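> this is a predicted model, with the sequence first.
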Amino acid sequence: MRYRSRVTAPAAALIGTAAAVLAGGSAAYADTDSKPADAPGPETLGDPVFPALGNDGYRVGAYHLDFSYDPTTTLVDATATLELRTTQALTRLSLDALGLDIRTVHVDGRAATFEQVDEKLRITPARPLATRARVTVCVTYTADPRRALAHTAWVPTADGFAICPQPDSAHTVFPCNDHPSDKADFTFRITVPAALRAVASGSLVCTENLAGDRTAYTYRSRSPIATELVQITVGDYIVKKRSGPHGLPLRDVVPAARAEALEPALALTPGLVEWLEARLGAYPFETYGLLPCNTDDPNAFDFTGLETQTLTLYKPNYLLQAEPKIGSHMMHELVHSYFGNSVSPATWADLWLNEGHADFYGLLYRYERGWADSLGLTTFEARMKDTYARGDQWRSTSGPVAAPNAANLFDSQRYLGGVLVLYALRQLIGEDAFHTVERTFLARHRDGSASTEDYIAVASRTSGQDVSGFLRDWLYGTTTPRMPGHPDWTVTPVTPSLTAPRRQAGVRWHENSATL
């Protein structure tokens, strides 16, 4: 969708720019005599699934988001301050931004000209920027959580909002370098009427009682966050606290009217964390908890749970079910704290690392407890045999496991197909070596992003055998390889009658987890 271009250039700022250029700039600015007259920065990171996402002329070190919510207008007045470092000399840079009414842009305190084109906010600073310069970009804007857009992260509720940015919609909430490979520190300051509560990813560091019966809550992340994993929510919530293993602070953000009804589900978290820590090591963040979003609208978001960092977003009615109905998927979402959040995908083609691992451990948890899955199966091996039989069909309709496109990104191939790859690797190298691979991968890439090739490299080095060819066949092959240890398993031949499900344009499917 194309948006109206808007260019602003205050006359005083232009005069100031000319004076600054004549006087000579600091080391943070480029020597324009040695650069082309027009050297705008690249406006994409070249992601294979979302090629227009991200910007390669800089990396963001920190975001400082200051939101003020008005329940009368349901609008958010916001200031986004980005601390970034250029990767090259720039006469122009861009941020991902969609549906935001931009008011002003400043670069290092100086007014900058800007325009909004498609899903980019193009910024021309008063002076060109030198390579490796540390730069502060400040954008003031207004956002409407109820605005109709081609895609959006906003989840409006009767009393406020939550956000679900995955995979490519964080920039409908704040201007950013919207790609998981560019993780950054986050600080959030959210001002709301005193009757409401504001919560964000990370830990609460400050509460301010302001004039006009308003309250400002400030949260800060201890670890970097990918833009697609940010959570900001406002509503009639209470925060329920409890301790997890080793004193881990747990906090749930719960609609006040449903706190008692949701307690049985919330009370499951300490046991889930304990089970997972025994397999993957210590929980990687400062806190964890659930956010049952305060809406029953079935169309509010197209998934059951979303792993926003330190706070998993859920549809509240889902959590009202008995433990055998929800425990496996609660484990799936918790696993994302390790695979997906602590270690983010280097590109969206690496999504199987997130979803395959989440389903792998979610299913293990289910079968250990004797809970039948959606197919009526009660063992991991039985489910893998069934999945193996579907392998060639899924490769035909959804492509190889590690080669998705935007339309099939959240197909079963990334979930159960990813589980099958991990199961095959475990069959080949043995359970002990497999667990060593998992922990080594998480430790090596903690607080960063990693690719499929990174996982293959760790698996080969750690297991003591070259599994690169084996894994590439499973991840990129057009036919399903033989399953180690199961020579009797067969793949169902592809037939025209087994067609891929039809999708509505613009709708992303997230409900292919086998843990549901």
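Structure received. A quick note: this is a predicted structure, and the numbers were derived from the prediction, not measured.

> now do stretch 236-243: distance to the chain's middle.
Relative to its chain's centre, stretch 236-243 lies at 23 Å (C-alpha atoms, centre = their mean, to the nearest Å).

> CA atoms of stretch 89-109 as PDB?
Written as PDB, here are the backbone C-alpha positions of stretch 89-109 (Å, rounded to 0.1, in the frame of the first residue of the first chain):
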ATOM      1  CA  ALA A  89      28.500   7.100   5.000                       C
ATOM      2  CA  LEU A  90      24.900   8.300   4.500                       C
ATOM      3  CA  THR A  91      23.200  11.300   3.000                       C
ATOM      4  CA  ARG A  92      19.800   9.700   3.800                       C
ATOM      5  CA  LEU A  93      18.600   6.900   5.900                       C
ATOM      6  CA  SER A  94      15.200   5.200   6.300                       C
ATOM      7  CA  LEU A  95      13.200   3.500   9.000                       C
ATOM      8  CA  ASP A  96      10.400   1.000   8.500                       C
ATOM      9  CA  ALA A  97       7.100   2.800   9.300                       C
ATOM     10  CA  LEU A  98       3.500   2.200   8.300                       C
ATOM     11  CA  GLY A  99       0.300   4.000   9.300                       C
ATOM     12  CA  LEU A 100       2.100   6.500  11.600                       C
ATOM     13  CA  ASP A 101       1.300  10.200  11.500                       C
ATOM     14  CA  ILE A 102       4.800  11.600  11.700                       C
ATOM     15  CA  ARG A 103       5.000  15.100  13.100                       C
ATOM     16  CA  THR A 104       8.800  15.800  13.400                       C
ATOM     17  CA  VAL A 105      12.100  14.100  12.900                       C
ATOM     18  CA  HIS A 106      15.400  15.200  14.400                       C
ATOM     19  CA  VAL A 107      18.800  13.700  13.900                       C
ATOM     20  CA  ASP A 108      21.300  14.500  16.600                       C
ATOM     21  CA  GLY A 109      19.000  17.400  17.800                       C
END
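
> quick one: it to chain centroid distance?
Computed by C-alpha atoms, centre = their mean, the separation of stretch 89-109 from the middle of its chain amounts to 22 Å.

> then stretch 211-218?
Taking C-alpha atoms, centre = their mean, the mean C-alpha location of stretch 211-218 is offset from the chain mean by 29 Å.

> now it: buried residues?
214-218 (16 or more other C-beta atoms under 10 Å). Heads up, the C-betas are built off the backbone N, CA and C, glycines and all.

> contacts for it next, please.
187-194, 197-200, 204-210 (C-beta atoms under 8 Å, 6 or more residues apart in numbering).

> can I get the buried part of the residues you listed as one ChimeraX selection?
Filtering those down to the buried ones (16+ other C-beta under 10 Å) takes a single ChimeraX command:
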select :187,188,189,190,191,192,193,197,198,199,200,204
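
> show me the shaky parts of the stretch 351-500 of the chain.
By pLDDT under 70, the low-scoring segments of the stretch 351-500 of the chain are 497-500.

> just the strands in it please.
Counting by DSSP state E, counting those that start in this stretch, the stretch 351-500 of the chain has strands at residues 448-450.

> how about the helices in it?
For the stretch 351-500 of the chain, helices defined by DSSP state H, counting those that start in this stretch occupy the ranges 351-368, 380-389, 391-398, 412-429, 431-444, 452-463, 468-476.

> just send these back as CSV, with mean neighbour count too.
Below are those laid out as CSV (neighbours: other C-beta atoms under 10 Å):
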stretch, mean neighbour count
helix 351-368, 24
helix 380-389, 17
helix 391-398, 20
helix 412-429, 25
helix 431-444, 17
helix 452-463, 20
helix 468-476, 18
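
> between the ones you listed, which one is closest to S243.
Proximity to S243 (C-beta to C-beta) singles out helix 351-368 among the helices of the stretch 351-500 of the chain, at 21.1 Å.

> only alpha carbons, please: show the closest one as PDB.
Below are the C-alpha coordinates for helix 351-368, written out as PDB (Å, rounded to 0.1, in the frame of the first residue of the first chain):
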ATOM      1  CA  LEU A 351      11.800 -19.700  11.100                       C
ATOM      2  CA  TRP A 352      11.900 -23.500  11.400                       C
ATOM      3  CA  LEU A 353      14.500 -23.000  14.200                       C
ATOM      4  CA  ASN A 354      11.800 -21.200  16.200                       C
ATOM      5  CA  GLU A 355       8.800 -23.200  15.500                       C
ATOM      6  CA  GLY A 356      10.400 -26.600  15.000                       C
ATOM      7  CA  HIS A 357      12.000 -26.400  18.400                       C
ATOM      8  CA  ALA A 358       8.900 -25.100  20.100                       C
ATOM      9  CA  ASP A 359       6.800 -28.000  18.800                       C
ATOM     10  CA  PHE A 360       9.500 -30.500  19.500                       C
ATOM     11  CA  TYR A 361       9.700 -29.800  23.200                       C
ATOM     12  CA  GLY A 362       5.900 -29.000  23.400                       C
ATOM     13  CA  LEU A 363       5.200 -32.500  22.000                       C
ATOM     14  CA  LEU A 364       7.700 -34.200  24.300                       C
ATOM     15  CA  TYR A 365       6.000 -32.500  27.300                       C
ATOM     16  CA  ARG A 366       2.600 -33.700  26.000                       C
ATOM     17  CA  TYR A 367       3.500 -37.300  25.500                       C
ATOM     18  CA  GLU A 368       5.400 -37.600  28.800                       C
END
